[in-house]
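*Asks:* sequence and predicted structure, then a few things I'm wondering about:
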Amino acid sequence: MKISRRIFLKLSVTSAGSFLIARFGGGRAYALPVGPTLDPASLSKFVTPLLVPPVMPKAAKIPNPGGKPVDYYEISMRQITQQILPAGQPATTVWGYGAVTSAARSGLLIHNAPSLTIEAGWKRPVRVKWINELRLDPADPSSAFLPHLLPVDPTLHWANPPGGASERDMRPSFDSTPGAYSGPVPIVTHLHGAVGVGDESDGYAEAWYLPVAGNIDPDFATVGTWYDFFRSKAAAQGFAAPGTMAWEPGTAVFQYPVDQRAATIWYHDHTLGMTRLNVYAGPAGFFIIRGGPSGDKAVLDVRSGLPAVLPGPAPIEADAFPSNKTYFEIPIAIQDRSFNADGSLFYPDSREFFDEIAGPYIPDTDLSPIWNPEFFGDTIMVNGNTWPFHDVQQRRYRFRFLNGCNSRFLILDFSQMAGVEVWQIGNEGGFLAAPVDLTANHGNRLLMSPAERADVIVDFTNVPIGSYVLANVGPDEPFGGGEPPDDFDIADPSTTGQILQFNVSPALAPDPTTPPSFLQLPALTPLPAATATRPLALLEEMSHDFEDAPAEALLGTVSGDPNTGAGTWLPLAWEDPVSENPALGATEVWEFYNATADAHPIHIHEVAFEVVDRQQILVNETTHTVQVDGAATPTPPEPWETGFKDTVVAYPGQVTRVRATFGSPGQFVWHCHIVEHEDNEMMRPYRIGPPQPGEPG
Ligand SMILES: [Cu+2]
């Protein structure tokens, strides 16, 4: 039997236990860790229709001298009850974004998790007033704040509102192991994949804000360290709600230029040390950029040289809800979750859940009491319902997939659908160089790390009438690369190995769309040559008090040039000064040397990058060095990694190289998108250009 990393961890805990007894002279509590109380096997599957997210209503169009008008939205985050589990099961309390104002009378003022899709047009800026309404009565600013739905670990380097102005955004110190934080919840929204955004609008992790509520402790910080600086910066550019001069309490108003390539991007919370919880609680949604020189109309049919026909329509703002239209272009967010028998979301409230280490924790050891190094839900939620079905016709569909899981890599597997043809045409940064025939060349499979997107045409034309399950053959544990079943066990085929069911019926009309093999995707403009190469390290810090127990994940720099000799890695924490500081307009290659055992999806804010290549490295854990294996030839990006991306899989034992042009100044972040890692030090600030006058710090 192969020993998986997770099982390995569990096995090794025994020795950690005896080690601890020796060190602390006392026994460990061997209480069983509390897990989810709803058995996923007890849930009916494929009884709930797939929700096609409707389109977010605009609050206004703001004149924009010299450009297209600004699409303006007012979107709040609220606590809501949603029927995520099948009918007959209890409803689930979650958080969701939703519009609170609509210019059109028919606008959908509903909150949902995931939320409505923001439809954006190329070079039509989008401004959003993001409102924190996590209080008892969203309409009443004097009502009480709502505490978090999930256990917040206060021992991380996190937003820490109780620290007040002097100790917010810090890792607090404790005399004894604290319980979960139960105060008001900070939020800040990031538009993942937005390129060229001002830093004031990027959702910086220290630019969070609490809701306005009647019972906030006056000693608490109500905003993060960077909020006021960004508020002034936004005000200077007029980024405020119409009729106001600046962000009002409990809100931030961000503006996105939307002058990047047409692409599938998404918005979600990004608060320091809390992203895993804030996103797991529900707040996320699609943001689709259409038009421009890299939009759908620039896709040609090679047979005629004329514009191709892609599957559509997608929802538009004017559509009724529930809709009476049939959509052939659908965004599909896949997220793993666990539930309790009362319908509530389950998320671990103790480190013990991960590897049975029941303490002692911080401050007596270096392990946080609640944080888990990774989390894998035992059910699959698709667009906000567990295991939905979707009725499709024998024709082509366009699905914009998002892996919205916290830690789980997905390998979507279409092979149960005889006769299907699956083509990937886009990724995070828009269209690929050329359509990729996943069916013919890649075993009908599609690998997606957390936060990656895939724009896919699925052709059901030759699939016999019947019902088919889209499978997941990724692992139920951290992904280290390789292929199932040789390199890892596939997800539980009765639960997390299933995504959704397609019920195939005859086409109601001829399919007007262009076969994917005839699509000529818009030309890609390569980035300029890089003027600098930055060797960077992906690291895992093991506990010094327990054996084989990850304490945190880290990023860092590498001294010297590992391409020519051994380079020494230097782990850096969130609090360390900026070490990645490209000049404004510079093009650089960033090299991610992965010295850990797992693959990490690395996301750089603000830019769309090209994947250059990957190469085997030699990792020396004794000397803390990495070195490129000169005998190994670099491997080019996968066909589905061509074009531009914002998240890339960095495999263990490899360097992954990406190239980006840093075209907009300011303070941003780069991080691992396993959000448990991101929340516990696997995120670093970076700055484009010089420090800004008046910036915090
Ligand atoms: Cu990671």
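*Replies:* Alright, I've got the coordinates.
*Asks:* go ahead and report the secondary structure state at the spatially most central residue of the chain.
*Replies:* Centroid-nearest residue in the chain: A451, 3.7 Å away (criterion: Cα atoms, centre = their mean). With DSSP: H, G, I helix; E, B strand; the rest coil as the basis, the three-state label of A451 is coil.
*Asks:* contact partners for it?
*Replies:* Counting by Cβ atoms under 8 Å, 6 or more residues apart in numbering, A451 touches H192, L402, N403, G404, P601, H603, D646, T647, H673. (C-beta placed from N, C-alpha, C; glycine too.)
*Asks:* how about the fourth one: what's its closest non-neighbour residue?
*Replies:* The shortest distance from G404 to any residue other than its chain neighbours is 4.2 Å, reached at Q335 (Cβ to Cβ, 6 or more residues apart in numbering).
*Asks:* mind pulling up the pLDDT for the one you found?
*Replies:* With respect to pLDDT, Q335 scores 98.
*Asks:* after the host helix or strand of it, which helix or strand is next?
*Replies:* For Q335, the enclosing helix or strand under DSSP states H and E is strand 329-339. The helix or strand immediately downstream of strand 329-339 is strand 345-346, counting by DSSP H and E.
*Asks:* could you point out which element follows that following strand?
*Replies:* Note on strand 345-346: by DSSP H and E, the next helix or strand toward the C-terminus is helix 352-355.
*Asks:* that next one - contacts with which helices or strands?
*Replies:* The elements that helix 352-355 packs onto, with contact taken as 3 or more Cβ pairs under 8 Å, 6 or more residues apart in numbering; DSSP states H and E, are helix 5-24.
*Asks:* would the helix or strand V655 falls within count as contacting the ion?
*Replies:* V655 belongs to strand 654-661 when elements are defined using DSSP H and E. No. Judged by Cβ under 5 Å from the ion, strand 654-661 and the ion are separated, with a smallest distance of 12.6 Å.
*Asks:* isn't P388 up against S44?
*Replies:* No. The criterion here is Cβ atoms under 8 Å, and P388 misses it with S44 at 11.2 Å.
*Asks:* more crowded one of those two?
*Replies:* Between P388 and S44, counted using other Cβ atoms under 10 Å, the more crowded position is P388 (22 against 13).
*Asks:* how many other residues sit next to the residue of the stretch 501-650 of the chain found nearest the ion?
*Replies:* Closest to the ion within the stretch 501-650 of the chain is H600: 3.4 Å, counting by Cβ to the ion. Residues within reach of H600, counting by other Cβ under 10 Å, total 30.
*Asks:* spatially nearest residue to it, not counting backbone neighbours?
*Replies:* The shortest distance from H600 to any non-neighbouring residue, by Cβ to Cβ, 6+ apart, is to C672 (4.5 Å).
*Asks:* for the one you found, phi and psi?
*Replies:* Here is the backbone geometry of C672 (degrees, to the nearest 10): phi -80, psi 140.
*Asks:* quick check: beta-bridge partners of it?
*Replies:* Note on C672: beta-bridge partners I602, judged by DSSP bridges.
*Asks:* which residues touch it?
*Replies:* L538, A553, L555, H600, P601, I602, H603, E678, M682, M683.
*Asks:* wait, the first one touches E591, no?
*Replies:* What that stands for is L538. No. Look at L538 against E591 with Cβ under 8 Å: they stay out of range, at 10.5 Å.
*Asks:* okay, and the beta partners of T379?
*Replies:* The residues listed as beta-bridge partners of T379 by DSSP bridges are R337.
*Asks:* residues contacting it?
*Replies:* P40, L43, D336, R337, S338, F339, T386, W387, T495, T496.
*Asks:* the bottom helix or strand of the protein by mean pLDDT?
*Replies:* The weakest-scoring helix or strand in the chain, judged by mean pLDDT, DSSP states H and E, is helix 5-24 (a mean of 36).
*Asks:* same for the next helix or strand after that helix, what does it pack against?
*Replies:* Once helix 5-24 ends, the next helix or strand along the chain (criterion: DSSP H and E) is strand 60-62. With contacts taken as 3+ Cβ pairs under 8 Å, 6+ apart, strand 60-62 sits against strand 70-82.
*Asks:* run the chain-centre distance for the strand it packs on.
*Replies:* With Cα atoms, centre = their mean, to the nearest Å as the basis, strand 70-82 stands 19 Å off its chain's centre.
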